[in-house]
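> Sequence and predicted structure, then a few things I'm wondering about:
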Amino acid sequence: MKCPACGKDLPEGITTCTDCGTMLLSPASVTIDEIMSNEQYRTIKELIALFVGIVCLILIFYFGYY
Ligand SMILES: [Zn+2]
């Protein structure tokens, strides 16, 4: 993204321009929403991975008795 005041290229998620100090409120709030949804998505993926791991362990124990 670019600073609206001085036009400097800035990294995503930054709240203040590092060059001129302009507050970048509206783009930052959109970025925070994106980070939140990514965090939730990551947590769901981790839960699915954990569930699959538990199912695999149960299957290994179950077939281990034969
Ligand atoms: Zn600036």
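That came through fine.

> could you pull out the helices for this structure?
Residue ranges of the helices in the chain, as given by DSSP state H, are 25-64.

> residues in contact with the residue most central in space within it?
Centroid-nearest residue in the chain: N38, 3.4 Å away (criterion: CA atoms, centre = their mean). The contact partners of N38, by CB atoms under 8 Å, 6 or more residues apart in numbering, come to none. In this view, the C-beta of every residue, glycine as well, is placed from N, C-alpha and C.

> From the ion, how far out is it?
26 Å (CB to the ion, to the nearest Å).

> low-confidence ranges in the protein?
25-36, 65-66 (pLDDT under 70).

> Give me every residue in it lying close to the ion.
Residues of the chain lying close to the ion by CB under 5 Å from the ion are 3, 5-6, 8, 17, 19-20, 22.

> Would you mind listing which of those residues are buried?
By neighbour count, with 16 or more other CB atoms under 10 Å, the residues of the chain next to the ion hold 3, 17 as buried.

> burial count for T15?
T15 has 13 neighbours, counted by other CB atoms under 10 Å.

> I'd say it and M23 touch.
Yes - with contact defined as CB atoms under 8 Å, T15 and M23 form a contacting pair (6.8 Å).
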